[in-house]
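S.K.: coords please:
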Amino acid sequence: MTEPILLIPGLLCDARIFLPQIVHLGAKHPLHIALPAKGETVEQMSETILATAPARFILIGHGLGGDVALDILRRDNGRVSRAVLISTDPLAEPPATAAAREARIVAAKAGRLKEVVAQEYPETAFASFEWRGEILALMRDMALTLGEGVFLRQSRALQRRPDQQKTLRRANLPLLMIAGAEDPIVPVRRQDFAAQLAPYGKLMVIEGAGHLPTLEQPEAVNAAIETFLNGPMMLRVTAKPRG
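M.R.: Next comes the predicted model:
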């Protein structure tokens, strides 16, 4: 049987951010969607997801889901064969960013979740194209469906997320970073840094996309993932030097 794929959505997102990939990859792979909705730390979320994950799987995470995916790799349990991290920041959250997030947490507790979503995912988070409004509407609908409780837990997890540079240096498996060329939330340089840390890391920059390339440029993302999955188990003959 073809190896299953475990998909982990990002902050205030559900399976719909992966819909084009679900349609494309589902023809060849069993798919599992794992929402990072339980626990208030990345470590608690990864532990919960691993408890029901397949024995061995391909891992794909976006944003917070990528942070959780990194923590799954940190556990080094040999269950992940390949990993794709999309719009993922491997570093701990800076104090200024954590403070700004705290203000959004307070607003959400005051019943202003719709306003908070617009702050988390402003129009500028996505590339300028004709269906950007539809993506903004989807982000709002997913957030309101998941609700305040999930937002609070996920926000705390982002604030407390660990620095995963060591995890990347030890990730001896094929790893693909997918970055939107116009992503202002996790800039390309940050994702390139992550790819350079991993011994078998590779970066794919998606033109015409911001923070959500899976929906902004689905065909390009599908092609990048399929090429990666069909590639060799190790992307380079020798690992890069580690500093």
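S.K.: Distance of the residue of the chain most remote from its centre relative to Val116?
M.R.: Centroid-distance maximum for the chain: Ala110 at 27.7 Å, with CA atoms, centre = their mean. Look at Ala110 and Val116: by CB to CB, to the nearest Å, they are 10 Å apart. (Glycine included, C-beta is placed from N, CA and C.)
S.K.: What of Ala179?
M.R.: 25 Å.
S.K.: before we move on, what about Pro199?
M.R.: For Pro199 relative to Val116 (CB to CB), the value is 38 Å.
S.K.: Who has more neighbours out of the two?
M.R.: Val116 (23 against 20; other CB atoms under 10 Å).
S.K.: before we move on, what SS does the more buried one have?
M.R.: helix (DSSP: H, G, I helix; E, B strand; the rest coil).
S.K.: can you pull the pLDDT of it?
M.R.: Looking at Val116, its pLDDT reads 96.
S.K.: need the contact list for it.
M.R.: Arg104, Ala107, Ala108, Ala143, Phe151 (CB atoms under 8 Å, 6 or more residues apart in numbering).
S.K.: next one: the helix or strand harbouring Ala103 to chain centre, how far?
M.R.: Secondary structure assigned from DSSP states H and E places Ala103 in helix 95-109. Put simply, helix 95-109 sits 20 Å off its chain's centre (CA atoms, centre = their mean, to the nearest Å).
S.K.: Need the residues that contact stretch 8-18.
M.R.: 7, 22, 33-36, 49, 59-66, 68-69, 87, 117, 120-121, 138-139, 142-143, 145-146, 150-151, 154-155, 158, 212, 214-215.
S.K.: Ala55 and Leu173, how far apart?
M.R.: 16 Å.
S.K.: meant to ask about Arg56
M.R.: Taking CB to CB, one finds Arg56 at 11 Å from Leu173.
S.K.: what's the answer for Val188, then?
M.R.: From Val188 to Leu173 the distance is 23 Å (CB to CB).
S.K.: These two - which one has more neighbours?
M.R.: Leu173 (19 against 16).
S.K.: I'd like to know how many residues surround His29.
M.R.: 17.
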